[in-house]
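A.B. asks: 3D, please:
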Amino acid sequence: MRKIILSVILITILVLTFISNFIIADNPIPAEAVKFDTGDTAWMIVATAFVLLMTPGLGFFYGGMVGKKNVISTMLQSFMAMVIVTILWVVVAFGLAFGPTIGGIIGNPSTNLFFEGVGTNTAWSLAPTIPFMLFALFQAKFAIITPALITGAFAERIRFWAYLLFMVLFIILIYTPLAHMTWHPDGVFFKMGVLDFAGGTVVHMSAGWAALAGAIFLGKRKVQKANPARITYVLLGTGLLWFGWFGFNAGSALGANGLATQALGTTTVAAAAAAMAWVFLDKILGHKLSALGACIGAVVGLVAITPAAGFVSISHAIFIGLFSAIVSNIVVSKFPKGKIDDALDVFACHGVGGMVGMLLTGVFASKAINPAVGDNQGLIFGTPTLFINQLTALVVVSIFAFVASYVLFFIVNKITPLRVTEEKEELGLDISQHGEFL
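C.D. replies: Numbers count the residues shown, from 1 in each chain. Sure, this is the predicted structure:
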């Protein structure tokens, strides 16, 4: 049955792309009609490449943490996100996220099927200085890394084909509505005044809550305490993530400008502050200063600053980094690992980090940093409206992402078993799922 389904998918895409000029109407606009900023365009091409690099970086980050017999499978889960989500994004998901609004919840995909109307001579309304296609491809990289983030929670026990099916459903039914509500000018969160500069709700909270749902649904691994296969992979992955995050956050300014520079600065200091706080707290609690702790701390800081990067000052970014690392470190240490097997602490790091960042955006956002904040500045400036909006969005997104993800896991499991057999788990997913090994 799987062979038939995969054959139908390939043949359908081949046919539709071959006859696309007959079924998709092109309405090109002369190049001279739109004048783009070459500096903005150049920066956004680079930023798009930066963000894509984060996904293989995440593969190294996760792959180094799991046991040796599951490294290839874990890394391949991230790599295949680049493959599957890219095609899905072009075919339908971009239209769902950024097409004409349907009730402020989701976009109408018919407008942009197969990137119809997403050309190099038109522009997105909120990014008028760069080609529309560049904006769409930049956004694709955010969609790619989100399901890849989830994989750390159910590492070492999920069937690969079931993961691919979940990833497709997650992008269509969870990621695209959140992206539309948050970043589309007609989205409900956008119109509420919720601030999410680069993906605190859309990427990290959705991934964190989906990870928790997956860990609960799949149950515990037979062996939860495996020695990390390659700490050097974790270090390399952290470096690639930190590097790519400059495109993630600074690129979300959608231009080569002062706001991008501000986001670059806040991203740098938040990551450094969080890494410092994590290893210091480990030492205070009687643990050794570990490479793993430093890497996890840096990533938590990057997660937490993501929604705030273009709205807060450098000093407040340091606070966000320090505070998020302390909170996530405590959550990791107190997480009920004997009952819920979130293998790589995705919820404690990405979910909690994203929530902390969203709330602190509501505390520290300043119109002096970004005029788009307007009069509803952060709580520290004496106006509570933004903080209340951020808290409201946090609660709604948390409930939606967790419940919807759990339902998706349930549905996928009915279609094809999510979890490998005990024998295959014991053998390791590298061999049992892919026939490869280190």
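
A.B. asks: longest helix of this structure?
C.D. replies: The longest helix of the chain (DSSP state H) is helix 385-415.

A.B. asks: buried sites along that one?
C.D. replies: Neighbour-count burial for helix 385-415 flags 386-387, 389-391, 393-394, 396-398, 400-402, 404-406, 408-409, 412-413 (criterion: 16 or more other C-beta atoms under 10 Å). No exception for glycine: its C-beta is placed from N, CA and C like everyone else's.

A.B. asks: packing partners for it?
C.D. replies: Applying 3 or more C-beta pairs under 8 Å, 6 or more residues apart in numbering; DSSP states H and E, one finds that helix 385-415 contacts helix 160-170, helix 176-183, helix 188-192, helix 206-218, helix 352-364.

A.B. asks: identify all contacting residues around the first one.
C.D. replies: I take that to be helix 160-170. 2, 73, 76-77, 80-81, 84-85, 88, 146-147, 150-151, 154, 210, 405, 408-409, 411-413, 415-418, 429, 433-434 (C-beta atoms under 8 Å, 6 or more residues apart in numbering).

A.B. asks: for this protein, name the helix or strand with the lowest mean pLDDT.
C.D. replies: None of the helices or strands of the chain scores lower by mean pLDDT, DSSP states H and E than helix 20-23, at a mean of 70.

A.B. asks: check which element follows that helix along the chain.
C.D. replies: Per DSSP states H and E, the first helix or strand lying C-terminal to helix 20-23 is helix 38-63.

A.B. asks: what mean pLDDT does that following helix get?
C.D. replies: Regarding helix 38-63, the rounded mean pLDDT is 98.

A.B. asks: centre of the chain versus it, how much separation?
C.D. replies: Taking C-alpha atoms, centre = their mean, to the nearest Å, one finds the center of helix 38-63 at 13 Å from the center of the full chain.

A.B. asks: next one: stretch 174-186
C.D. replies: With C-alpha atoms, centre = their mean, you get 13 Å for stretch 174-186.

A.B. asks: quick check: mean pLDDT of stretch 314-326?
C.D. replies: Here the average pLDDT along stretch 314-326 is 98.

A.B. asks: give the buried residues for that stretch.
C.D. replies: Neighbour counts over stretch 314-326 (16+ other C-beta under 10 Å) mark His316, Ala317, Ile318, Phe319, Ile320, Gly321, Leu322, Phe323, Ser324, Ala325, Ile326 as buried.

A.B. asks: hmm, the last one is touching Asp282, no?
C.D. replies: No: contact status for Ile326 versus Asp282: not in contact, 11.1 Å apart, counting by C-beta atoms under 8 Å.

A.B. asks: who are the contact partners of Phe93?
C.D. replies: Wrong residue type there; residue 93 is Ala, not Phe. Ala93 makes contact with Val85, Pro109, Ala143, Ile171, Ile172, Tyr175, Thr176, according to C-beta under 8 Å, 6+ apart.

A.B. asks: what is the lowest-pLDDT residue among the residues you listed?
C.D. replies: Ranked by pLDDT, the contacts of Ala93 bottom out at Pro109, which scores 94.

A.B. asks: name the nearest residue to that one, sequence neighbours excluded.
C.D. replies: Excluding its sequence neighbours, the residue lying closest to Pro109 (C-beta to C-beta, 6 or more residues apart in numbering) is Gly95, at 3.5 Å.

A.B. asks: so that neighbour touches Gly117, yeah?
C.D. replies: No: using C-beta under 8 Å, Gly95 makes no contact with Gly117, being 9.2 Å away.

A.B. asks: now do the shared contacts for the two.
C.D. replies: Thr111.

A.B. asks: okay, the two: which has more neighbours?
C.D. replies: Taking other C-beta atoms under 10 Å, Gly95 and Gly117 do not tie; Gly95 has more neighbours (27 against 18).

A.B. asks: which elements pack onto the strand or helix carrying that one?
C.D. replies: Using DSSP H and E, Gly95 maps to helix 94-98. In this structure, helix 94-98 packs against strand 106-107, helix 132-150, helix 176-183, with contacts taken as 3+ C-beta pairs under 8 Å, 6+ apart.

A.B. asks: need the contact partners of that helix.
C.D. replies: By C-beta under 8 Å, 6+ apart, helix 94-98 touches 106-113, 115, 118, 124, 136, 139-140, 143, 172, 175-177, 179-180, 183-184.

A.B. asks: the residues you listed, buried ones only, as a PyMOL selection?
C.D. replies: Written as a PyMOL command, the selection of buried residues from these, which uses 16+ other C-beta under 10 Å, is:
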select buried, resi 106+107+109+112+113+115+118+124+136+139+140+143+172+175+176+177+179+180+183+184
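
A.B. asks: which element is Ala260 on?
C.D. replies: Using DSSP H and E, Ala260 sits in helix 258-284.

A.B. asks: follow-up on the earlier one: could you redo the helices and strands packed on helix 94-98 as a markdown table and give each row distance to Gly57?
C.D. replies: As requested, those are exported to a markdown table (distance: least, C-beta to C-beta, whole Å):
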| stretch | distance to Gly57 |
| --- | --- |
| strand 106-107 | 29 |
| helix 132-150 | 9 |
| helix 176-183 | 22 |
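
A.B. asks: among those, which is nearest Asp345?
C.D. replies: Proximity to Asp345 (C-beta to C-beta) singles out helix 132-150 among the helices and strands packed on helix 94-98, at 11.7 Å.

A.B. asks: can you state the direction angle for the closest one and helix 385-415?
C.D. replies: Counting by axes from the mean of the first three to the mean of the last three C-alpha atoms, to 10 degrees, helix 132-150 lies at 70 degrees to helix 385-415.

A.B. asks: still on that earlier bit, put the buried members of the contacts of helix 160-170 into a PyMOL selection.
C.D. replies: Listed next is the PyMOL selection for buried residues among those, using 16+ other C-beta under 10 Å:
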select buried, resi 73+76+77+80+81+84+85+88+146+147+150+151+154+210+405+408+409+412+413+418+429+433
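
A.B. asks: ok, the nearest residue to Met80 once chain neighbours are set aside to Phe98 distance?
C.D. replies: Leaving aside its sequence neighbours, Met80 sits nearest to Leu164 (C-beta to C-beta, 6+ apart; 6.6 Å). Using C-beta to C-beta, to the nearest Å, one gets 24 Å for the distance from Leu164 to Phe98.

A.B. asks: low-confidence ranges in this protein?
C.D. replies: Along the chain, the model assigns pLDDT under 70 to residues 21, 23-33.

A.B. asks: switch to 90 and redo it
C.D. replies: Along the chain, segments meeting pLDDT under 90 span 1-10, 12-35, 111, 119, 121, 222-227, 336-339, 437-438.
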